[in-house]
Structure formats: structure tokens, C-alpha cells
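1. Have a look; sequence and predicted model below, questions after that.
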Amino acid sequence: MAGDLERTVLDFYQVNTPYPTEWPAEKNNASDESDEDDTKKKINRRKSRYQALERAVGNRGSVIPGSENSGSGVGNLVQRDEPDPLGTTESVVKSLKQLGLPLQDDARLRNRFLLSSTTFSPALFLSQMHANADTRSLIDGLDVLSKSIDQKSASLKVLVESNFERFVRAKATIDNVYREMKYRGADPTPPRARGHSRHASRNSFRSGSGGAGITAPSTPVTEARKKNALVKESEYGVMGIKAPLLDVSAKAEDVWGPALGGREKEEHLKTVALSLDGYKEYVEASAAIADSIKRKDYEALVEEYTKARRFADEAKQLVKEIGSDQPDDSQVYRILLAGRMWHDVEEQIQALKRDVWRRLISPHNIAKSDTTPGQQGDQHMELINLLLELGVVDNPVWVWLLSRYDYLKSKIQSTAERSKVEIEILRRRLANAEKPSPQTIASHMRTLGRQSAESKTATFDTVDIVELWETMVVFMSNLLSPQGIMGEVVEFWQTVQGFVEGTAQRALPVGYNGESKVHHRLSPQGTTDLQKGAVELVSMLRESVLMFFAGPPPEDISLLFSPLPQTPTTPNPASISGNLTPRDPRFNLDPNNIPPPSPRKGEAWEKFAFWPPWSNSISGVHYLSKILALVGSGSSDMASVAPVQGDASEVERLKTLVNIARERCVTALCAAWNRDAENIKYVEDWNRSPDRKDVTKMPSSFAAFEGTLLGGMQKILYISEAMAKAGAENIVVPPPTKLLQMVRSQYVTTLYKALSGMVENAERPLKKTDDDWTIDPDGYVASNAPSTTRASTLGGGTINAGDRNVRMLLTLSNLQALRSEVVPGLNTQFENAFSVKLTDETKTIRDVLGQIDARLFQSYTRPSIENMRKIIRAGVAAADWVPPSGEKPHEVRPYVYEALLSLVLVHTQVSTTASSLTSQVLSYLLEQSSRELLDAFKTRPKYNLEALMQATLDVEFVAQTLSHYTTDRASELQSQIYQELDGRTDNEARARLQSELPEMRAVLKRLREASKSEFACFRKPKRAAGPGPTGSGPERRDTGGSIGSVGSGAGSTNGNGSILSTQFGAAI
């Protein structure tokens, strides 16, 4: 009894010993887990949204003591222990444990020893349980087993006998149902004829009706019965209910499917979530990389990609470690998850790499855009860094440098060709337009005398010509300025040099595990190719500029009809501002109506592609100095590129470029300078200068014109604005002597032509019709036609531009200003600008100015001299000129008053027109009047006392009246007159004249007082300071019009004079 109790306790608590010292391990692994699982399931059921759909299914415990549950949780009749069927012991498990076979822990093995189990093994049971039993004990056991079987058989027999009738009824019912369903309710055998029975009447109706319903051959079988028949055609009776069941199933699926499916999905997602918690970084790697790409957060992208690569490498290493062994579930899951993650990540990274490569070699990345300065250089480095971080096969540095080279090469070619065609289009339109009139050219040159050139660039020339000049400057700036292509080429080489020297790679990343470090160095062959590429880019720039200056104007302009290349327009530039594009309506050309080539008219500019047709020298010198400054500085920058420095031939070609461009510019400019010098005469508008009232604006305009040309020519010859560049002295060499001599000769020639034009303006004959002077934009110049003569008054008096004498006086005054101020200043400017001495040229210019001045002076004074000659000769030759014999002369003859009055008119004209010439003109006319008196007195062979006294009065009256304008030459002529008179008289007359001198002095004084008001203009002006009356101008000679020295005295006599002249001069 105690043994049974102990076994019961052990079985209940499922332990091996009644006094355990520690908690059984199987309790932790089996029962606890099952309890925990049950607890979790209960908790999950409590938390499930579908708890209302669950049905409570109670687990029925076994009614047999000691029974246990199977692995599927379904109860069975197998006990944990049972007595020996042979009757030897009460516990099979305990007996086997004592024999050394523990069955407590192995249910499967225990079941093979238990008779109630389906896996009971008699042979194993006997070999282990009764291994030592003898025959007798086995026979006894057989008897016990037989009795047990008989006892159980009797129990089964009683059970069958007590339920036999119930079994028979159930069997009959099943047979009837089967027959009914199989034969559609009809008996397959015909009914047998029954004998007469007293019960026939009782069953007649039932039998009749039933037999008629079954055996009637004419009664059709209904469709419902056919469906319920247990035949193959009706699917053995289920056809009738199959369709309704399918409908119900579909409706149930519609109603409960989402709920049940959702629950399954919930359970599945919970399982997946629990599984992915341990591999969260694997799952989030792809999404994190996609988000970084979308936000362009490349730092986070590189970090996430490095993490993903590490996960992939760990998975690869795990596969290598497993080798041929069978991986467990967690390892398989990890490998598959890493592979899926790496596949997604690699697809995104490859797409990003393709986009980065495209951006790296894209012209939009290469060209200088409108971004903030300093960001452009970092843009390509950022892309290169990203590619190196991600890891690439090709070297991104090398690829970017090659794409940069190709881009610059294409940009140089397209910019140069297209710009040249656009310039040629504008040239052709100007060349086919009407030639500007001289007055239009003069209006632009006249502006120089009004304000500085820098403040009025728009008035240099016509709008179209200035626009073409600006286009050329923009073209040169696009090619050669630091902000243009030249700057990009220099920047390109600086970048190449940084990579070649290794300074640019210091900040480059090495990539994952240093895989990108191999791309930090350029190969020797790559370095050589890049050096050659830099030289080639410089050569292309040089050739483009050289052809623009040295080549003829392009004839083929079909390039303008081709589409514009998809490259950025440079120019901001200035991209560059000012670039001409096909959107410009001027270049919307009709292919069937192309502007014709420039007509060949023999103009100097026809052979120069860089010179706008009909452009003047002022705009030319202004813009060519800018263009050559760009050429000089650009050539210096090109020569600063290291590969070019090492190529002596290329450096020499750069020098040649500068020299040829300079020579062509000087040649074209000299031609325009010469043409403008011929037209500068039209600058004369016969308006007084606001600074000097005795000259017009012509001297200042001429000085401004020549000064501008000399200053600009100095910039062109020496290209001084480019000398600030380092190394420019090796490229921009001093101009050759040939060019300096060309400019020197042109300077002298333009001076001569300009002076000739001034004289032409003054001497132009009057016309009854309107001449050139009637066309004046300012309205100040009077027409030469007498009927339309107008005067211009500008502060300093009235100018009658229609009067030839007035024009000549103003021109003489202008020439005097040129001789004394303008030309010497220009000569000094020339010598300082070009570091030469104009010794011979100065003498030549002085001679030319003297000749022109003398010719014009003679032209002005000749009518007055002719008039005085007629008056004096007629008066001296008159019959009543000699007083009657014995009558002393008390008056000068009328011809003297007439001659002096003509000089009064001249004085009035000169003093009101050009006051600085008054002394020169009247001194010269005094000399000529003295000469005419001398010649007239020579016509008389002999002079008596009366004639001698009359001649003396006439001569002295003129001399004293014009004493303010007396010169050495006039005094000399007066001495000669006295000598001539002395030689034509006798001694008696000489002696008598001595006694008459006091009376003659009184007469002369009286005559002077009487004519004081008439000849007041000849008096010396009362001024506190200023030049003397005869010291304000050069002395005029009548021998060829040469220029003498300024006279310094009046009334002097010749030392070789006669006694008469000496005595009379002293007395007077």
C-alpha cells in the first residue's frame, strides 16, 4: 500500500524520487514552457480583436486515472504506468527502472512496454521485463493473462448482448436510407404476389398507392430525386446540396473572411515583427538610403551605405564559415535578409551613381553659372567625393578632367565661330547702308571738345557702329577675360596641377576599406595627356583670336542657321551680358535672303574683319585699346600656364599673336585717322570758344581729337593696360620701329591735312546757293548766300560766317593758337607717349604752319593792299598834289585820309573778329602803305620845296597816326622815303626846309588834333598790363610771307639816312 502511494505521488508530481534535492530540469524545459505557452495563448486571446469569434472548447480530462495527453494535445488512454499483464508486479515502469531501464523521461520508449499502448512490443517487453523469468513463471503469467482476457471478453459480450436490438434497428435504418437514396425511393425488385389475407383491406390503400408510385413506368423521375441519388451522375447524392453550400461558403467568406483573414494577418505580422526586431537595421537600411538620396543628404547616405556594405560582408563571411554545413533557421533568415537588403540598396546606389556621373560630366555642372562665387569649384569636388565614398571602377577625377577638357574645346570652337558670324552679319548691314555724311562724322568729332571721352562713349559714333564695337569687345571678353573662357582654361590647368602635385587629393575620401585610394593619383600617361590638352586649348584660343585680326571677313554665314549648341552662354559675360543669341531679332534671317557681302568700294576697312564699316578713328581708338588690352592680358595669362611655359614655340606664337593684332589695329586706325583728318574741316561751326573769344571751337576740338588719337594710339602700341600681368613683359614686347614710324608719319600728315582743311574753310568762295556751311546741326553757322546771311553771337561778339574776311581772320587766329599752344602741346604729348624726339617733324610742322599762315594772311590783306595802292598812287600822281609855287602846304592831301579810313575799316573788322590779330594786320598794312608811298614818290623825278614839304606832311601824318603799329620794317621804309625825297631835291630846298620845320610841326600837330576822333581806334589802348602795341604778334614781311621777329621800337631811323630825314625826324 505504501508502494502504491509513493508511485501515485511520483506520477502526480512527475518526479523520479520522493525526496528531490533540486528542481527537475525537465520541469523547466517542458512543463514550464507549456504553461508559459498556455499563459501566452490566453493573454493573446484576451488581447485579440477576434476574441468574440472564438469558441470555448473545453479540454476534457481523461476519465481513466493516469492517462496523459498526446503531443497534439488530444487525450488518449495510454497510462503513465500500469501493472504487469503477467501479474508479476504492480508497476512496469518501476520494475524496469530497477532493472536499469529508466522510462520516466522517454514516453515513446515507455509506451512500448505498456499493454494499453498501440505501440506495445511483446518481444521487447518479455526480453526486458522478464529476461530472467523461468518457464514456470511464464506459464503462470500466461494463465493470469488468459484470465484477464476472458474477463474482458465477458464484459464485451455482455455489452453486445445488451445493445443488440439497438444495433439491429440502426442497421435497418441505415440500409433503408441507403436504398432510398440509391434507387430514388423505388424498390429494385418487383413486389411479390401476396396471398389473400385478412389484413389486405388494412394495407390495400398503402400498398396500392405505394406500388403505383414506384412501378409506374410512365412516371418521370423528378430532378430533385435524381440529384439525391447515390450514383456517379449525381455525385453520390451531394449534387443537390453542393450549390447551396457553395453559396453559403461564399457568403460566409465575404462576411467572415476579412475578420478571419485579418486575424491570420495579425498573427503573421506579429510573428514577422518579432522576427525583425533583431534585424531592424537590416530592414531600415534600404529606406534610410532612399530617404538620404531624396533629401540629398550625402553624408547620411555614405554612412548608411557603409553600414549596408558591412552587413553584406558579414553575411558573406557567415556563408563562408558555414561552408557545407546545414545552417539553422536564424542563419538562413539573416543571410536571406542581408541579400534582399543588399539587392535593394545596390539598385538605388547604382541609379544614384549614374545620376552623379551624368551631373559630373554635364556642361551645366562644368560651366560657370549664376551661383554664388566659390560654390562652383566645390560642386564637382562634392560629386567626386561622393563617387569615391560609394566606390567606383573608373577614376572620377580623370573622367571629370576629360569632360572639362572636351567641354572647353567645344565651347571655344562654338563661341568663336558663332560670334564671328554674328559680327559679320552686323558688318554687312553697316557696309550696305548709306555712307555717313561728313557733317555726321564731324558731329561725333565735335563732341570731344565739349566733354571727356569717357563720359560720352555713346557719341563716339553712330549707334549701329558703337553697337558693333561693343559686340566685338564682348566677343574678346568672352574669349580672353578672366571671367571668360580664358579664365576657365587657366582654372582648368590649376585644377589639373593640383591633382598632379597631390595637393587636391588631401581632402578626398579613401572610400570603404580604402578601395578608392587608387583613384587619388593620375597616371603618368594621363598627366602627359592633360598637359597636351592644356596646350591645345591655349592654341585654339590663340588661333581664334589671330584669325579674327589677321584673317579676312568670313564669307560663309550659314552657321547662323544651325541650332545653337546646348552649352551655356558665356558671357554672363560678361553670362556674360551682351551675348547675341538667335532670339535677337537682328539674327532672325531668311535663308533665301541672306545679307550680301560688303561691297568693294576700295575702302581701307574692307579687308579688316574687326573694323566696323564707316567707323571713325575716335571710336576705333577707344575700343581697339580695350580689345588689345584683352589680347595682351589674355596672352599673358595663356603664357602663364605651365605646359605653355615649357613650349617655346607656343610662347613665340603668343608673341606673334600680340604683334600681328597690334600691327593690324594700327594699320586700320591710321587709315581711319587719315580719313577723319580730311573731314575735320567740317568740325568748324564758326562759334567762338567759351574760353577765348578771339578763336572758334576748332582749336580745342582739333586738340581733343588729336590728343585722343595719340593717347589711344599709345595704349594700342604699348598695350600698357596688360603690363600689370605677371610675365606680361615676355609676351607684350615694345612696338617695332616700323609701327612707330607709321604713327609718326600719320601724325604729321593728319596735321597738314587738318590745317589745309582749315584754310579751305576760310578761302572757300561765296556761292549764291547754299554751300556746306548752311548745314549745321546747331544752327549757328550762317549760309554763304547773301539773301540768307545770319550771324551767330556767342558772348564775344557777332560772327558773320558768310563773310570770307571774317572766316579768314578767325582761321588766322585759330592758326595762331595752333602754332603757339596746340601743336607744341601735341608734339610734347607725342614725344612723351612714344619716347621719341620730333626734331625734324617739329621743324616741318613749324614750316607748314608758317606757310599756311603766311598764305592765308596774304590772302586776307591783299584786297586792302590793292585798295591802298590805288589810293596812294592816284593821290601822289594827281596834278594838284604839289602846292602852287610860293604857297606852303597847310593840309595833308585827301588820299591820306582815304587810305587811313580804309585802315579804320580793317581795324574795325579785325578787332571785332579776332582782336589778337589787330597789331599784326595793321603793322603789316602800315609797312605796305609805306612801301606804296615810297613807290609812288619814286614816280616823280624832282621835288621842289613845296612838294618836299607836302610829301613830308603826308608821310609823317601817316606815321604818327599809326605810331602804335610801327615796326622796324615800317621805320626802315620811312627812312627810305626820306632818302628818296632827299635824292630828288636840291640844296636850296634842303636849306629852306630847315627853316620851315617849326611851322610844319605846328601844322602837323593841328592836323592830328583835328583828326583825333576819326582815327582814335589807332591809339594805344589804356591797359595796366599786357603786351606792347607792337609786341603781340609776329612781324609780317611781304617777301614771300616769311615770319620775322617782333618789332620793339617806333620811329627809329636808319643810320645811313640823309640829313633831311635826320633833321626832320629829330624835329618831329
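-> Nice, I can see it.
2. lowest average confidence, helix or strand, in the chain?
-> Least confident helix or strand of the chain, by mean pLDDT, DSSP states H and E, is strand 1043-1044 with a mean of 29.
3. List the buried residues of stretch 868-888.
-> By 16 or more other C-beta atoms under 10 Å, the buried positions in stretch 868-888 come out as 868-869, 871-873, 875-876, 881-883. No exception for glycine: its C-beta is placed from N, CA and C like everyone else's.
4. now that stretch, how far from the chain's geometric center?
-> Distance of stretch 868-888 from the chain centroid (C-alpha atoms, centre = their mean, to the nearest Å) equals 93 Å.
5. For that stretch, give the mean pLDDT please.
-> For stretch 868-888, the mean pLDDT works out to 90.
6. How about residues contacting that stretch?
-> Surrounding stretch 868-888, the residues in contact under the criterion C-beta atoms under 8 Å, 6 or more residues apart in numbering are 889, 893-896, 898-899, 902-903, 925, 928-929, 932-933, 935-937, 939-940, 944, 946-947, 949-950, 996, 999.
7. Just the buried ones from these?
-> By 16+ other C-beta under 10 Å, the contacts of stretch 868-888 give 889, 893, 895-896, 898-899, 902-903, 925, 928-929, 932-933, 936-937, 940, 944, 946-947, 949-950, 996 as buried.
8. Let's have the buried residues of stretch 868-888 in JSON lines, adding secondary structure and distance to Gln531.
-> Formatted as JSON lines, the buried residues of stretch 868-888 follow (DSSP: H, G, I helix; E, B strand; the rest coil; distance: C-beta to C-beta, whole Å):
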{"residue": "Met868", "secondary structure": "helix", "distance to Gln531": "88"}
{"residue": "Arg869", "secondary structure": "helix", "distance to Gln531": "88"}
{"residue": "Ile871", "secondary structure": "helix", "distance to Gln531": "93"}
{"residue": "Ile872", "secondary structure": "helix", "distance to Gln531": "93"}
{"residue": "Arg873", "secondary structure": "helix", "distance to Gln531": "94"}
{"residue": "Gly875", "secondary structure": "helix", "distance to Gln531": "98"}
{"residue": "Val876", "secondary structure": "helix", "distance to Gln531": "98"}
{"residue": "Trp881", "secondary structure": "coil", "distance to Gln531": "104"}
{"residue": "Val882", "secondary structure": "coil", "distance to Gln531": "108"}
{"residue": "Pro883", "secondary structure": "coil", "distance to Gln531": "110"}
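9. Of those, which is the nearest to Thr495?
-> Distance to Thr495 across the buried residues of stretch 868-888 (C-beta to C-beta) is lowest for Met868, with 87.9 Å.
10. Before we move on, what's the pLDDT of Val910?
-> The per-residue pLDDT reported for Val910 equals 91.
11. so what's it up against?
-> Here Val910 is in contact with 809, 917-918, 921-922 (C-beta under 8 Å, 6+ apart).
12. Quickly find the element holding it.
-> If you go by DSSP states H and E, Val910 is part of helix 894-913.
13. In JSON lines: the buried residues of stretch 868-888, plus distance to Ala726.
-> Listed next are these as JSON lines, based on distance: C-beta to C-beta, whole Å:
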{"residue": "Met868", "distance to Ala726": "73"}
{"residue": "Arg869", "distance to Ala726": "75"}
{"residue": "Ile871", "distance to Ala726": "78"}
{"residue": "Ile872", "distance to Ala726": "78"}
{"residue": "Arg873", "distance to Ala726": "80"}
{"residue": "Gly875", "distance to Ala726": "83"}
{"residue": "Val876", "distance to Ala726": "84"}
{"residue": "Trp881", "distance to Ala726": "89"}
{"residue": "Val882", "distance to Ala726": "93"}
{"residue": "Pro883", "distance to Ala726": "94"}
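14. from those, which single one is nearest Ser362?
-> Closest approach between the buried residues of stretch 868-888 and Ser362, by C-beta to C-beta: Met868, at 91.8 Å.
15. Just name whatever secondary elements the host helix or strand of Phe957 is in contact with.
-> Remark: Phe957 resides in helix 945-961, with elements defined by DSSP H and E. Where contact means 3 or more C-beta pairs under 8 Å, 6 or more residues apart in numbering; DSSP states H and E, helix 945-961 is packed against helix 894-913, helix 918-938, helix 968-983, helix 987-1010, helix 1059-1067.
16. hmm, try it at 7 Å
-> Packing partners of helix 945-961 (3 or more C-beta pairs under 7 Å, 6 or more residues apart in numbering; DSSP states H and E): helix 894-913, helix 918-938, helix 968-983, helix 987-1010.
17. Return the distance of it from the chain's centre.
-> 91 Å.
18. Stretch 496-506 now?
-> In this view, stretch 496-506 has its centroid 26 Å away from the chain centroid, taken as C-alpha atoms, centre = their mean.
19. returning to what we had before: of the contacts of Val910 - the most surrounded one?
-> Across the contacts of Val910, neighbour numbers were computed from other C-beta atoms under 10 Å; Leu809 holds the maximum, 29 neighbours.
20. So it sits against Ser911, correct?
-> No: in this structure, Leu809 is not within contact of Ser911 by C-beta atoms under 7 Å, at 9.9 Å.
21. Mind listing the shared neighbours of these two?
-> Here Leu809 and Ser911 share no contacting residue, scored by C-beta atoms under 7 Å, 6 or more residues apart in numbering.
22. so where is the stretch 951-1068 of the chain shaky, pLDDT-wise?
-> For the stretch 951-1068 of the chain, applying pLDDT under 70 flags the ranges 1022-1068.
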